[in-house]
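In: 3D, please:
(chains A and B)
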2 protein chains.
Amino acid sequence: MSLLVVGSVALDSIQTPAATRERVLGGSAVHFSYAASFFGPVRLVGVVGEDWPGEHTALLNGRKIDTSGLHVVKGGKTFYWKGKYHSNMNDRDTLEVHLNVFGDFKPALSEDFRRSDYLFLANASPVTQLKTLEQMTGPKLVVADTMDLWITEQHDELMQLFRKLDGLVLNDSEAKLLTGEENLVAAGHKVRAMGPKFVVIKKGEHGAMFFAEHEMYVLPAYPTARLVDPTGAGDSFAGGMMGYLAAKNDFDPQSLKEAMAYGIVIASFNVEDFSLDRLKGIDRGELDLRMERYKKMLSF
Amino acid sequence: MSLLVVGSVALDSIQTPAATRERVLGGSAVHFSYAASFFGPVRLVGVVGEDWPGEHTALLNGRKIDTSGLHVVKGGKTFYWKGKYHSNMNDRDTLEVHLNVFGDFKPALSEDFRRSDYLFLANASPVTQLKTLEQMTGPKLVVADTMDLWITEQHDELMQLFRKLDGLVLNDSEAKLLTGEENLVAAGHKVRAMGPKFVVIKKGEHGAMFFAEHEMYVLPAYPTARLVDPTGAGDSFAGGMMGYLAAKNDFDPQSLKEAMAYGIVIASFNVEDFSLDRLKGIDRGELDLRMERYKKMLSF
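Out: Have a look, this model is predicted:
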C-alpha cells in the first residue's frame, strides 16, 4: 500500500565525543523514508533550498523513494541543525538551528499523494500537520510525531490534531511534559486518552512502549555497543514501523507489535554511524537477521 | 537445592512524593530472601540489634526462611536507613544512615550453612564478602552484588572478589563508574572481563541486561503504573533469580534467562508497595500469571 511521509529535510552538523560531521543528510522525513524503503516504496513531501546537493535526491530515488513532492525553493537555504552530544550520547545541545525554507513549509500534496493509504506526519507544527491531513482523501492509517516545542507553544492545536490520529509517536520526556506524569506507564495511558487510538513512547537506548485500549507493552532496544550518532533514531524507528505496516497492509495488534520490533531493529542500525551511512550499508537480509536475533533475545 | 544469602537486615524510613513510612522491614538480605522464598527454602545470615521486632523474624520464618543465622546483638541497634525519593522515583537522597551492628558484621556460617549449594553475597564490603566465601565448602553457584562505595573505596578487594564469582549483579550507574564506559553494552562486557562468568546490569524501570561469554541480552522491566516504593527492587530481583535457579538446580543459559525473567517479575511486585507489603499479598499463582503476561508481552 502507498505510504506518504511529510516532514523536515535537513542538513545536520553533528558533534559527538568521538567525531564530527558537517552538513550531512538528515531531517525527520529523510530518516523515516530511508528506513521505510526497506519494505516498499515511499512518497516524501518536504522542502529544501538551492544549497541542497542533488546527490541526496539521487540517493533517495535509488531507494524507491518518490521525491516528486520535495520542493526546491530558489534562492532559499535548506533547514540546518547543528548539535553536540554529551558523553552519555543521550543528552544533546543544539548549537545552531536555522529553519530557513522549512520555516515557511506549507505542504501541498499532489492529487496522487492525497490518495495515499498510510500517512506519517513527521515532526512539524500541529498547524502544518493538520493542514496536511486535511488534504488527504481517506487514508487507512494516520500516525504523527511531535516535539516539546509544540507541546508548550501550540497546545490547543496539538490536542485538535490528536483527536484525528490513529497513532502518535513521541519521546519519553515529551510524554512526561505533556501529562505531568513521571511514571511512563501512567503517562502513556494519559496521552492515549487525549485522542490517538494508540501511542508509542520512544525511550532511546531503553526501547519503546506501546499503548492501545486493550493492550500495553514495552520492548527493549536492540543492544549495540557501536553507538556512533543517535540523530534520526526516532524517525528511523517510525519509518521501520510504518514501512512494515504499509507493506503488510494490516495494523491489527500482532502486526503493530511486529512493526514496533522492526522499527527498533532499524533504529539500532541507524545509530551505528552518522546520517544514513550505516543503513546504506545493509540489505533486507541483514535487517531480518538482526530481527531474528532480537526475537530470540526476547524468548525464553 | 539449598540457597544461602548473607547481607544486610535493616529498618528503613522511606519518603516518597506520595507517602512516608517509618522503620519498616528492609535490608538486602530481607528483600532477597522473601523473593527467593516463592521458589523454595532460603537460609539467611545477617545481624540485628535489640530493637529488632520479633514479628519480623516470625514473618520470615513463616516463609521457609531459616533465620538461625540472624544474629541478635545485645545492647546493639539494627542498621537504619532513611531516604527520600525524588519525584521521578528513581533518584533518591540518603537522609540518615546508621550502620549500627551491621558496621561490625562478621558473618560466621554454621557447618550446615557452609555446605549450601547456591550462595548470594548481598551488598556488603568486598572484604566481608570474601571472608564469607572462604567459609564455604564448594558451592555450585556464587553470585554477588556490590555498590558504588566499594568500587571507589575498596577497588583492589573488589577485583579479588570478582575473580572468584560465577555471577555479579550491579546497577547501571555502578557499571559505568566501574568501567568509565557510558555505553552499557560496552560496560557489561568490560565488567565481565574483570572476572565474573556472567554479569547482570540492573536498569531499574528499564529492566536488566545479561552478559556471558557467548551471550548478551536485555529484558525490559515488567511495566507497572503502581510505582510506590523502589526500595529493595534490585534485591528482590536477585532473590527471584537465585531462588528460581536453586529450585531448578540448573544454571544453563536457558535457566539463567528464565531466572532473569522471574527476578524482573518479582521486582515489579516489590515496587508496588512499601517494604514487603505487596509481596506479602501474592502467592505463586499470581507470580506465575504475571510471568505469563510478561512472556506474552515479549513474543511476536
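
In: A:Glu205 belongs to a helix, doesn't it?
Out: Yes. Assignment of A:Glu205 by DSSP: H, G, I helix; E, B strand; the rest coil places it within a helix.

In: and the closest residue to chain B within the stretch 51-200 of chain A, what is it in contact with?
Out: Here the residue of the stretch 51-200 of chain A nearest chain B is A:Val185; by C-beta to the nearest C-beta that distance is 4.0 Å. Where you see a C-beta, it was placed from the backbone N, CA and C, and this is true even at glycine. The neighbours of A:Val185, taking C-beta atoms under 8 Å, 6 or more residues apart in numbering or on different chains as the test, are A:Met209, A:Met216, B:Pro223, B:Thr224, B:Ala225.

In: Flag every buried residue along the helix or strand hosting A:Leu130.
Out: Assessed by DSSP states H and E, A:Leu130 sits inside helix A:126-134. Neighbour counts using 16 or more other C-beta atoms under 10 Å in any protein chain shown place A:Pro126, A:Thr128, A:Gln129, A:Leu130, A:Thr132, A:Leu133 of helix A:126-134 among the buried residues.

In: Going by distance to A:Asn61, which of the residues you listed wins?
Out: A:Thr132 (22.3 Å; C-beta to C-beta).

In: you'd agree that closest one is up against A:Lys106?
Out: No. Using C-beta atoms under 8 Å, A:Thr132 is not in contact with A:Lys106, being 9.2 Å away.

In: Now render the buried residues of helix A:126-134 as a markdown table, adding distance to A:Gly243 and pLDDT.
Out: Putting the buried residues of helix A:126-134 into a markdown table (distance: C-beta to C-beta, whole Å; pLDDT from 0 to 100) gives the following:
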| residue | distance to A:Gly243 | pLDDT |
| --- | --- | --- |
| A:Pro126 | 24 | 96 |
| A:Thr128 | 23 | 96 |
| A:Gln129 | 20 | 98 |
| A:Leu130 | 24 | 98 |
| A:Thr132 | 19 | 98 |
| A:Leu133 | 20 | 98 |
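
In: Identify the residues contacting the closest residue to A:Val72 other than its chain neighbours.
Out: Nearest-residue entry for A:Val72: A:Val48, 5.6 Å, with adjacent residues in sequence omitted and distances by C-beta to C-beta, 6 or more residues apart in numbering or on different chains. With contacts defined as C-beta under 8 Å, 6+ apart, the neighbours of A:Val48 are A:Val9, A:Leu70, A:His71, A:Val72, A:Val73, A:Gly76, A:Thr78, A:Phe79, A:Val101.

In: and which of these is nearest A:Lys197?
Out: Closest to A:Lys197, out of all of the contacts of A:Val48 and judged by C-beta to C-beta, is A:Val9, at 28.4 Å.

In: The longest helix seen in chain A: which residues count as buried?
Out: Longest helix in chain A, counting residues (DSSP state H): helix A:253-270. Residues A:256-270 are the ones in helix A:253-270 that count as buried (16+ other C-beta under 10 Å).

In: Secondary structure element for the one residue sitting closest to the centre of chain A, which one?
Out: With distances taken as C-alpha atoms, centre = their mean, A:Asp235 lies nearest the centre of chain A, 2.3 Å away. A:Asp235 is part of helix A:233-248, with elements assigned from DSSP H and E.

In: and the angle for that helix with helix A:253-270?
Out: 140 degrees (axes from the mean of the first three to the mean of the last three C-alpha atoms, to 10 degrees).

In: sec struct for the residue nearest to A:Val72, please.
Out: Quick answer, by three-state DSSP: A:Val48 is strand.

In: One more: A:Asp12?
Out: strand.

In: any idea how far the closest residue to it other than its chain neighbours lies from A:Ile264?
Out: Closest residue to A:Asp12 apart from its sequence neighbours, by C-beta to C-beta, 6+ apart: A:Gly26 at 3.6 Å. The gap separating A:Gly26 from A:Ile264 is 20 Å, by C-beta to C-beta, to the nearest Å.

In: Can you tell me how far the residue nearest to the centre of chain A is from chain B?
Out: Separation of A:Asp235 from chain B (C-beta to the nearest C-beta, to the nearest Å): 22 Å.

In: wait, doesn't that residue sit right on A:Phe120?
Out: No. A:Asp235 lies out of contact with A:Phe120 (C-beta under 8 Å); the separation is 9.2 Å.

In: Quick check, pLDDT for A:Ala18.
Out: At A:Ala18, the model reports a pLDDT of 89.

In: Counting neighbours, what do you get for it?
Out: 11 (other C-beta atoms under 10 Å in any protein chain shown).

In: quick one: what helix or strand has it in it?
Out: For A:Ala18, there is no enclosing helix or strand under DSSP H and E.

In: Phi first, then psi, for it.
Out: phi -100, psi -30 (degrees, to the nearest 10).

In: How about A:Leu4?
Out: Given degrees, to the nearest 10, the pair of backbone angles that A:Leu4 has is phi -120, psi 130.

In: which residues does the residue lying closest to it once chain neighbours are set aside contact?
Out: Spatial nearest neighbour of A:Leu4, excluding adjacent residues (C-beta to C-beta, 6+ apart): A:Ser116 at 3.7 Å. Counting by C-beta under 8 Å, 6+ apart, A:Ser116 touches A:Ser2, A:Leu3, A:Leu4, A:Arg43, A:Met136, A:Pro139.

In: rewinding a little: list the residues that contact both of A:Asp235 and A:Phe120?
Out: In contact with both A:Asp235 and A:Phe120: A:Gly7, A:Phe32, A:Asp145, using C-beta under 8 Å, 6+ apart.

In: so which of these is the most crowded?
Out: Ranking those using other C-beta under 10 Å puts A:Phe32 first, with 33 neighbours.

In: you'd agree it is up against A:Ala233?
Out: No. Applying C-beta under 8 Å as the test, A:Phe32 and A:Ala233 come out as separate, 11.3 Å apart.

In: Now the common contact residues for these two.
Out: With C-beta under 8 Å, 6+ apart, A:Phe32 and A:Ala233 have no common neighbours.

In: who in the stretch 151-300 of chain A is up against chain B?
Out: A:182-186, A:189, A:203, A:205-207, A:209, A:216-221, A:223-225, A:227, A:254, A:257-258, A:260-261, A:295, A:297-300 (C-beta under 8 Å from any C-beta of the partner chain).
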